[in-house]
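Asker: Coordinates for the following, if possible.
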Amino acid sequence: MAGIASTVQAEWTKMWSVRSAAACLLVGVGLTIGLSTLLGATGKTHEGPYRTDEFSFVHQAVSGDASITARVMSQDDTHEWAKAGIQVKASLDSGSPYAAIMVTPGHGVRMESAFTTDIAGVGDASPTWLRLTRIGPACNAL
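Answerer: So this is what the prediction gives:
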């Protein structure tokens, strides 16, 4: 036991007497903390619908009452929450209020709005018919 204590004491003395050893230790600790913080902040830690506003679409401006009907014939099972369907947005800006009805491979037909409402619908998967109706003028909050 005395051999271990004297070895630890010798290494401790060397680390504080040789500046490069102390600097390397501090750089190593800093890099470890920095990388773990960076990688931890970008990792996905939950399951469920992701709140991103990215999609491919065909756009047509409408005013007043509108009813859109579409049939989703098939959908690739790229992810259980992948969505195909109809969406009405207040504007084309990212994050603008919206209402949507869609079908997902893992969760069937869903009705969503404003990134906070998610209601299960009738039906399991495609093929299925979907209809979304808006009554009244375009507004800032659907």
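Asker: how does this structure divide into domains?
Answerer: Here the domain parsing of the chain from automatic domain parsing is 2-42, 66-134.
Asker: Tell me the gap between stretch 86-104 and the middle of its chain.
Answerer: Averaged C-alpha coordinates place stretch 86-104 at 16 Å from its chain's average position (Cα atoms, centre = their mean, to the nearest Å).
Asker: Next, Arg131: phi, psi?
Answerer: Backbone torsions of Arg131, given as degrees, to the nearest 10, read phi -140, psi 130.
Asker: on that earlier part again, need the domains of the chain in TSV (columns: distance to Phe57, mean neighbour count and mean pLDDT).
Answerer: C-beta coordinates here come from the backbone N, C-alpha and C atoms, glycine included. Conversion of those to TSV gives the following (distance: least, Cβ to Cβ, whole Å; neighbours: other Cβ atoms under 10 Å; pLDDT from 0 to 100):
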stretch	distance to Phe57	mean neighbour count	mean pLDDT
domain 2-42	27	10	73
domain 66-134	7	15	86
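Asker: Format those as a markdown table; extra columns: distance to His59.
Answerer: As requested, the domains of the chain are arranged in a markdown table below (distance: least, Cβ to Cβ, whole Å):
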| stretch | distance to His59 |
| --- | --- |
| domain 2-42 | 31 |
| domain 66-134 | 7 |
